[in-house]
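[1] got a structure for you, letters missing:
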Ligand SMILES: NC(=O)c1ccc[n+]([C@@H]2O[C@H](COP(=O)([O-])OP(=O)(O)OC[C@H]3O[C@@H](n4cnc5c(N)ncnc54)[C@H](OP(=O)(O)O)[C@@H]3O)[C@@H](O)[C@H]2O)c1
């Protein structure tokens with residue numbers, strides 16, 4: 001039997017554990033081109049919140065009663081497909097299930113590399129890392145002259161953004177929730193960190209951190225931090241908008257950021273939103289660069305691993321309360 005987590009109902013506001021249901025199904029037979037995979041590590045990501053609602057977006061919503069799915073690393077259990085052998089490690093979009101059947105053509109075989117843990121291909125060496133690279137390097141065109149501000153800096157994408165900015169020689173300040181996370185930013189080589197939760201006047205704290213202004217802003221959280229950053233941009237600055245996790249559970253459209261258009265026009269800012277799936281052609285280029293940075297110790301693959309299949313819903317929920325440092329992952333099998 002296969003255990004599967006399905007969406008029990010569409011969450012309203014902050015999701016709860018009751019929005020998920022566990023069901024069991026008989027194992028499926030393999031068809032032509034199929035392999036059976038046992039997921040070992042599954043990724044939980046903020047964007048899954050969007051897929052739980054039925055609002056129009058860049059990716060189809062989950063069906064109520066249908067399996068939740070996300071990126072995962074798994075082990076091939078059974079295969080009649082050339083090139084896929086029992087025990088091979090593969091990455092794919094997997095249902096939250098204890099076993100699954102997938103078309104081999106939808107899977108990516110992990111490189112055999114003893115120096116890198118397989119889970120890194122879900123984080124710094126996977127789509128998370130590519131997101132940071134596309135936003136900061138390709139669209140943001142970071143240089144050593146930049147003064148970079150990144151929000152959600154201790155999270156999956158943010159922790160890579162900060163390290164890539166440091167590798168490029170830029171000055172980089174990150175914001176994160178709590179003193180422990182800010183200490184972590186220092187270990188990753190950020191120039192400075194801001195604990196946005198303990199800051200009484202975030203806008204003032206940001207002005208002090210960037211007396212000459214922000215030249216490149218990478219935003220993961222939206223809301224009041226986005227507003228404060230836009231107000232503190234240099235003339236001709238670039239703002240790359242990656243995500244807005246502070247608003248994913250809002251039930252009404254937010255009223256800010258205040259003064260946005262005025263600052264964008266007067267400071268002649270370039271503001272660019274992006275979705276990583278539009279840039280998958282850059283993955284090879286990124287993986288080659290990032291693998292070298294990981295081997296040389298310049299890029300740390302920071303992750304929080306929660307143990308056990310049962311923990312999938314709670315690990316996802318804890319993204320909204322800051323439960324992770326680096327990439328949030330769930331180990332569902334050894
Ligand atoms: N555009 C794309 O293609 C793309 C791709 C991947 C991710 N994203 C987006 O990028 C952002 C980061 O994604 P990720 O995968 O790296 O996740 P993540 O940063 O690891 O997400 C979890 C973190 O978000 C922070 N957070 C939660 N609620 C918050 C709030 N109300 N205000 C401020 N911070 C809050 C928490 O950190 P603290 O403890 O510091 O608050 C938490 O640890 C998300 O918005 C995501 O949707 C976009």
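    Noted; the coordinates are in hand. Please read all numbers here as calculations on a predicted model, not as lab measurements.

[2] Now tell me what touches the lengthiest helix in the chain from outside.
    What stands out as the longest helix in the chain, according to DSSP state H, is helix 283-296. Residues from elsewhere that reach helix 283-296 (C-beta atoms under 8 Å, 6 or more residues apart in numbering): 113, 115-116, 120, 124-125, 129-130, 133, 163, 167, 299-301. Bear in mind the C-beta positions are built from the backbone N, C-alpha and C, glycine included.

[3] partners of the next helix or strand after it in the sheet?
    Where DSSP states H and E defines the elements, the next helix or strand beyond helix 283-296 is strand 303-307. Using DSSP bridges, strand 303-307 pairs in its sheet with strand 327-331 (parallel).

[4] contacting residues around the strand it pairs with?
    By C-beta under 8 Å, 6+ apart, the list of residues contacting strand 327-331 reads 40-45, 119, 122-124, 128, 156, 301-309, 311-312, 315, 318-319.

[5] if you set the cut-off to 7 Å instead, what comes out?
    The contact list for strand 327-331, computed with C-beta atoms under 7 Å, 6 or more residues apart in numbering, reads 40-44, 119, 122-123, 128, 156, 302-307, 311-312, 315, 319.

[6] Mind checking the pLDDT average for it?
    The pLDDT scores in strand 327-331 average 98.

[7] again, but for stretch 56-67
    93.

[8] what does the stretch 1-150 of the chain put close to the ligand?
    By C-beta under 6 Å from any ligand atom, the residues of the stretch 1-150 of the chain that approach the ligand are 45, 46, 47, 128, 131.

[9] again, 5 Å this time
    Residues of the stretch 1-150 of the chain lying near the ligand by C-beta under 5 Å from any ligand atom: 45, 46, 47, 131.

[10] from those residues, which two are the most distant?
    Comparing every pair within these by C-beta to C-beta identifies 46 and 131 as the most remote, at 11.4 Å.

[11] the more surrounded of the two?
    Taking neighbours as other C-beta atoms under 10 Å, residue 46 and residue 131 compare with residue 131 leading, 24 against 20.

[12] Got the domain ranges for this structure?
    Following automatic domain parsing, the chain resolves into domains at 2-123+302-331, 127-277.

[13] Let me know which of those domains is tucked in deepest.
    domain 127-277 (a mean of 20; mean count of other C-beta atoms under 10 Å).

[14] hang on, the earlier thing: nearest to residue 183 among the residues of the stretch 1-150 of the chain next to the ligand?
    Nearest member of these to residue 183, counting by C-beta to C-beta, is residue 46, at 23.2 Å.

[15] From residue 18, how far off is that closest one?
    According to C-beta to C-beta, to the nearest Å, residue 46 and residue 18 sit 20 Å apart.

[16] Equivalent analysis for residue 111, please.
    Computed as C-beta to C-beta, the residue 111 to residue 18 distance reads 40 Å.

[17] same question, residue 49
    In terms of C-beta to C-beta, residue 49 sits 15 Å off from residue 18.

[18] Any part of the helix or strand hosting residue 160 near the ligand?
    Element membership of residue 160 [criterion: DSSP H and E] is helix 156-167. Yes: under the criterion of C-beta under 5 Å from any ligand atom, the ligand is reached by helix 156-167 at 156, 157.
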